[in-house]
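Q: Predicted model and sequence follow; I will ask about them next.
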Amino acid sequence: MTADSKTYKLIEKGRLGIIALVVGVVGLAASALGWVSEPERFYHAFLTAFVFWTSIALGGLFFTMMHHLTGARWSVVVRRICENLMMQLPWLFLAFIPVYFGIHDLYHWSHTEAVAADHALQGKAAYLNVGFFTIRTVAYFAIWSILAVLLYRVSLKQDAGHKPEHLKSMRKISAIGMLLFAATITLSGWDWLMSLEPHWFSTVFGVYLFSGSFLNAVAVVTGVCLYLRKEDALRNTFTLEHFHDLGKLMLAFTIFWGYIGFAQYFLIWYGNLPEETFWYTARWEGSWKIVSLVLLFGHFALPFVILLFRNVKRSLPIMGFLGIWFLVMHWLDYYWLIYPTFTEQGASIGGLEIAAVLGLGGIFIWQLWRRIGSSPVVPVGDPELDNSINFVNN
Amino acid sequence: MSTVENKEQMPPAEPPLILGNQTFGTVTDRISKLAERKTTLTWLAALSLAASVALLLLGSIGYLFYEGIGIWGLNVPVAWGWAIVNFVFWVGIGHAGTLISAILFLFRQKWRTSINRFAEAMTLFAVICALVFPGIHVGRIWVVYWMFPLPNQMDMWPNFRSPLLWDVFAVSIYFTCSLVFWYTGLIPDLATLRDRATTKIRKIVLGIFSLGWRGGNRQWKHYELAYLILAGVSTPLVLSVHSVVSTDFAVSVVPGWHTTIFPPYFVAGAIFSGFAMVMTLGIITRKVFHLEDFITNQHLEKMNKIMLLTGMMVGYSYACEFFIAWYSGNAYEQFAFINRAFGPYAWAYWIMISCNVLIPQMFWFRKLRTSIPVMFVASIFINIGMWFERFVIVMSLARDYLPSSWDYYSPTTWDVLTFIGSFGLFFTLFLLFLRFLPVVAMFEVKGVLPEADPHHKGGSH
């Protein structure tokens, strides 16, 4: 990888894209083999991978819009990376296709005979049916893709020469976009994940998913910055100060994730109504207990304590490690949300789960890296770019 | 640098936070004078009015202690009436101050400096008003100290699993931290007042409260670290207090109360209502004290944006609750929400929706969110709406699982007088604050003046 220090463009992209593509193809091929032998498990694994990568791209969309709405300056240097992340949303729709074919293996409510025998499900049939479910998913991706493309187009125009209208129009798109984002991330979370257990419900579920999405978008942005920083030309672009602020965001959203997770658990525990508690009981049985505890400590307690320290947020190796750590925990979070509904024998992460997440992830990284190479790695037209590069925490 | 040559590439110049070409000297003068000048007639008139209203509170409480809780409109099934509504209402208002001072401080939002002082004062007074209600609701007032877990020979303890006890802890911790934070922020300004004092008594009193502040380099260094740590401590409290308050409802199994979104939903609502109250008070204060240079349109517009955001979060929660009530398939839950929107309290529900969700939508338009009459009226409507939100929630009790016990709750005169009286207490305290203390944090405002920038006027250091 080499980069031009004036235009901030990657002249030579290096091998990351190829490696990612190979991992992606191999992973997907392995998943396909898994589909032949264990189709049901394949669908579980693929759904996990699908929501995992989609959530990160969504986090990128949120990060971009939040940047525009708050008029933040420090984050100008990472804005393009967030934009590249959100631009993964259009093609991620393709990853929904296998989920669509697995609807009957994944969603209990999709079986008409099950609904006919179940009074509670009959009441939800107006919302939970295959046709409407599919239409909604198409709508989510349409909304996300339109928002991403609109924002991205203006951003590239700004590269060619800044006009004040650019920032204004990106801010306007973000304002409307934020409303749509709140609605769609909530509904998609209810559709794809909460309805796996169609009898269970929780009003805060959408907020829970949002907290993890954004946290992990920050983790990926941190990782990308660290990787780009290997190139001398960009060393002084992504500075310690930016990592420090990314670390603060990680800390804030680690706390937020823990807060929302706790609110959901605690109120259900205290109310102790069987119609709600069964969901947690399933996650506290046998080996699921271990996964629950790993999440409690790994996704919240440990990173919380570690990230409190200023020196940690300013240490590149630790920040890189934490980025990867959060991604692992985030995947485990989705594994924990999805799998207990299906497996009675307890938690077991096998080759198929890993193949699916790495397979889709390889394609994701390949596409992301292509996108990063296609335009300057920072929004060169942004009038605050110099301020952002020279920004210092105080 | 190539970017500088191109005019269009230059970052847009930031509008100054403080207007009127203030210098360090004029800031000190203008703010200090408000606390030093002779008592004005307007102030006296306002205080008399506020104090008279506060007497209503005292009188109502006196009669309550004499006669008992029966003077209120409470009965089964609505055993929690206006007292809890007012408690949550006031605690909610008490959230903006600490949010502005602590969270915006951590977010490096410099515009907070003009409003943090009076917003924090408002927080403290709102929390005092809030604490009155559960305090007088206990029935046997002579054993009110049983609210605290005090070791005793009878081995009697409060129920540690009760959110009402957590309230005692959460709110008292919040009050203590907010007070310390506010006082810490006051110290340098109190020292300024002390140095300007012309009478002996003033000098001594202010000298005691400014804790020997000299403004030396070392003192500032310690001071700023202490302030940062206090901001860090206060930040989680902003979230925790109203989360705990929300559990008063959410841990129970009453339909319409038991829902997982309550903690973040309550926090958003608290910030929403708190900003509305800061807005109401801010607009009046700025007008009466001619502080337009300090609390500028820019400040007001930013607060309106925060209200738009938090108002929408509250709207999001209403929508989630409603949808999930249907989705849950739980007949009681479904009934509770249909009943809210179309039952005997539908009027309250639609007041809530109009004030909290519809009215803030005006702030999408720059014209409206920069118009002072519009935002003043809007802030009052939001305050009303947020009171009704709590009322709507509490009135879920009126129609519980047993139709035979359904009832329609109405407040008595004493309920109304107590509530109105709490505004008297609030405004009395606020007026005293306006009279005797610097309304704007002088030393912090000086920090955001162009003069404070070492590169000011091209000078290099």
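A: Arrived safely, thanks for sending.

Q: Surely residue A:200 is within a helix?
A: No - going by DSSP: H, G, I helix; E, B strand; the rest coil, the assignment for residue A:200 is coil, not a helix.

Q: Identify the residue spatially nearest to it, adjacent ones excluded.
A: Nearest non-adjacent residue to residue A:200, counting by Cβ to Cβ, 6 or more residues apart in numbering or on different chains: residue A:279, 4.4 Å away. Using the backbone N, CA and C atoms, a C-beta is placed for each residue, glycine as well.

Q: Residue B:258 falls within a helix, correct?
A: No - going by three-state DSSP, the assignment for residue B:258 is coil, not a helix.

Q: which residues sit in contact with it?
A: Residues near residue B:258 by Cβ atoms under 8 Å, 6 or more residues apart in numbering or on different chains: A:267, A:271, A:273, B:249, B:250, B:251, B:252.

Q: Off-centre distance for stretch B:338-358?
A: Relative to the centre of its chain, stretch B:338-358 is centred 24 Å away, using Cα atoms, centre = their mean, to the nearest Å.

Q: Assign a three-state SS to residue B:409, would you?
A: Secondary structure assignment for residue B:409 (three-state DSSP): coil.

Q: Reduced to three states, what does the closest residue to it other than its chain neighbours come out as?
A: The shortest distance from residue B:409 to any non-neighbouring residue, by Cβ to Cβ, 6+ apart, is to residue B:78 (4.0 Å). Classification of residue B:78 using three-state DSSP returns coil.

Q: Count residues in the vicinity of residue A:19, would you?
A: 14 (other Cβ atoms under 10 Å in any protein chain shown).

Q: Apologies, that question was intended for residue B:346.
A: If we define neighbours as other Cβ under 10 Å, then residue B:346 has 14 of them.

Q: if I pick the residue nearest to residue A:199 when sequence neighbours are not counted, what's in contact with it?
A: Excluding the flanking residues, the one nearest residue A:199 by Cβ to Cβ, 6+ apart is residue A:120, at 5.8 Å. Applying Cβ under 8 Å, 6+ apart, we find residue A:120 in contact with A:198, A:199, B:329.

Q: do residue B:27 as well
A: So residue B:27 contacts B:18, B:442, B:445, B:446, B:449 (Cβ under 8 Å, 6+ apart).

Q: Got the confidence number for the closest residue in space to residue A:286 that isn't next to it in sequence?
A: Nearest non-adjacent residue to residue A:286, counting by Cβ to Cβ, 6+ apart: residue A:346, 4.1 Å away. Residue-level confidence at residue A:346 comes out at 83, pLDDT.

Q: Surely residue A:346 is in a strand?
A: No - counting by three-state DSSP, one finds residue A:346 to be coil, located in no strand.

Q: That one touches residue A:289, doesn't it?
A: No - using Cβ atoms under 8 Å as the test, residue A:346 is too far from residue A:289 to be in contact (9.2 Å).

Q: What's the local residue count around the residue in the stretch 101-250 of chain B positioned nearest to chain A?
A: Scanning the stretch 101-250 of chain B for proximity to chain A using Cβ to the nearest Cβ identifies residue B:250 as nearest, at 5.0 Å. For residue B:250, the neighbour count with other Cβ under 10 Å is 26.

Q: Could you pull up phi and psi at residue A:284?
A: phi -120, psi 20 (degrees, to the nearest 10).

Q: Contact residues of the stretch 301-450 of chain B facing chain A?
A: Residues of the stretch 301-450 of chain B found near chain A (Cβ under 8 Å from any Cβ of the partner chain) are B:312, B:316, B:317, B:320, B:321, B:324, B:327, B:328, B:329, B:330, B:364.

Q: element containing the first one, please.
A: Which is residue B:312. helix B:297-328 (DSSP states H and E).

Q: same deal with residue A:245?
A: helix A:240-271.

Q: what's downstream of that helix, the next helix or strand?
A: Defined by DSSP H and E, the subsequent element after helix A:240-271 is helix A:274-282.

Q: That next one to helix A:240-271, inter-axis angle?
A: Angle, helix A:274-282 to helix A:240-271, by axes from the mean of the first three to the mean of the last three Cα atoms, to 10 degrees: 130 degrees.

Q: Please enumerate residues in contact with helix A:274-282?
A: In this structure, residues lying in contact with helix A:274-282 by Cβ under 8 Å, 6+ apart are A:197, A:199-202, A:265, A:268-269, A:271, A:288, A:340-341, B:328, B:330.
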